[in-house]
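> no sequence for this one, just the structure:
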């Protein structure tokens with residue numbers, strides 16, 4: 001699967017807000033090293049220089065297309081976050097909207113806290129918690145429908161992330177002080193069928209990567225119809241509630 005930086009950035013402000021809400025709860029005063037794992041195009045990574053001007057900023061993402069768009073101001077690298085091992089323990093590890101893509105992310109979080117985080121260091125991550133929302137339930141049902149189950153049924157994911165209490169317990173067991181919470185944002189999106197545009201850049205990527213030509217267009221048409229009914233437009237835009245889960249831990 002590839003990422004489309006332009007499509008992903010269509011609602012950049014809405015996608016960036018949880019990043020800043022997450023970082024605001026990190027209490028690190030003067031970290032020497034900061035790693036942004038799953039950094040995307042890196043625009044948010046370099047914004048961390050304003051918070052920690054003396055830090056060595058590092059960003060990692062699996063998408064060459066995303067890293068190709070990264071601005072100056074940090075060291076960026078293409079790579080698999082599961083294989084990432086820093087040369088020395090890191091003072092701050094940030095991961096924004098990445099871990100939902102990694103089935104074994106719970107084991108990964110424990111390793112980061114136990115081995116890759118410096119004493120007194122901070123680990124902060126945010127994941128979507130909206131897998132029970134129409135934007136995801138309807139797509140799962142569509143993939144399982146008679147028209148699409150042979151091609152897409154195996155791509156269905158139920159709830160790949162836990163709740164705040166689960167992550168609290170996981171990191172507390174590693175000896176961390178933990179703050180965990182959830183927030184539901186009400187994004188009001190502009191444009192024609194904007195929820196389709198939103199999920200096309202993220203949740204629909206596995207399906208669209210498998211389909212080609214007319215089949216891809218037919219799937220998008222089916223998804224567009226379902227999402228337009230579930231998220232009707234209003235005179236001021238299309239309301240799109242989006243739940244997210246946040247965790248900040250200090251070793």
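Everything's here; your move. Everything quoted here is computed from the prediction, not taken from an experiment. Residues are numbered from 1 along each chain as shown.
> show me where the stretch 101-250 of the chain has its strands.
In the stretch 101-250 of the chain, the strands defined using DSSP state E, counting those that start in this stretch lie at 117-128, 177-189, 238-250.
> I'd like the ones you listed written out as a markdown table, with distance to residue 224 added.
C-betas here are computed from N, CA, C, even on glycine. Formatted as a markdown table, those follow (distance: least, CB to CB, whole Å):
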| stretch | distance to residue 224 |
| --- | --- |
| strand 117-128 | 21 |
| strand 177-189 | 14 |
| strand 238-250 | 13 |
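> now these as TSV including mean neighbour count?
Below are these laid out as TSV (neighbours: other CB atoms under 10 Å):
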stretch	mean neighbour count
strand 117-128	20
strand 177-189	15
strand 238-250	20
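> how about residue 35, what does it touch?
58, 59, 60, 84, 86, 90, 92, 93, 94 (CB atoms under 8 Å, 6 or more residues apart in numbering).
> what helix or strand does it sit in?
Element membership of residue 35 [criterion: DSSP states H and E] is strand 33-37.
> repeat for residue 60
Using DSSP H and E, residue 60 falls within strand 56-61.
> contact partners of that strand?
Contacts for strand 56-61 (CB under 8 Å, 6+ apart): 32-40, 42, 45-46, 48-49, 67, 70, 73-79, 81, 84.
> hang on, the earlier thing: got a list of contacts for the helix or strand just after the strand holding residue 35?
Remark: after strand 33-37, the chain's next helix or strand is helix 43-51, criterion DSSP H and E. Here helix 43-51 makes contact (CB under 8 Å, 6+ apart) with 12, 16, 19, 23, 34, 36, 39, 55, 57, 59, 70-74, 76, 94, 96.
> filter these to the buried ones?
Buried subset of these (neighbour count, 16 or more other CB atoms under 10 Å): 19, 23, 34, 36, 39, 55, 57, 59, 70, 74, 76, 94, 96.
> can you give me phi and psi for the fifth one?
Dihedral angles of residue 39 (phi, psi; degrees, to the nearest 10) stand at phi -80, psi -10.
> what would the buried ones among the contacts of helix 43-51 look like in a markdown table with pLDDT?
As requested, the buried ones among the contacts of helix 43-51 are exported to a markdown table (pLDDT from 0 to 100):
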| residue | pLDDT |
| --- | --- |
| 19 | 96 |
| 23 | 97 |
| 34 | 98 |
| 36 | 98 |
| 39 | 96 |
| 55 | 97 |
| 57 | 98 |
| 59 | 97 |
| 70 | 94 |
| 74 | 96 |
| 76 | 97 |
| 94 | 98 |
| 96 | 96 |
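> let's have these in CSV, adding distance to residue 193.
What follows is the buried ones among the contacts of helix 43-51, written out as CSV (distance: CB to CB, whole Å):
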residue, distance to residue 193
19, 26
23, 32
34, 38
36, 31
39, 29
55, 41
57, 37
59, 32
70, 30
74, 35
76, 33
94, 32
96, 26
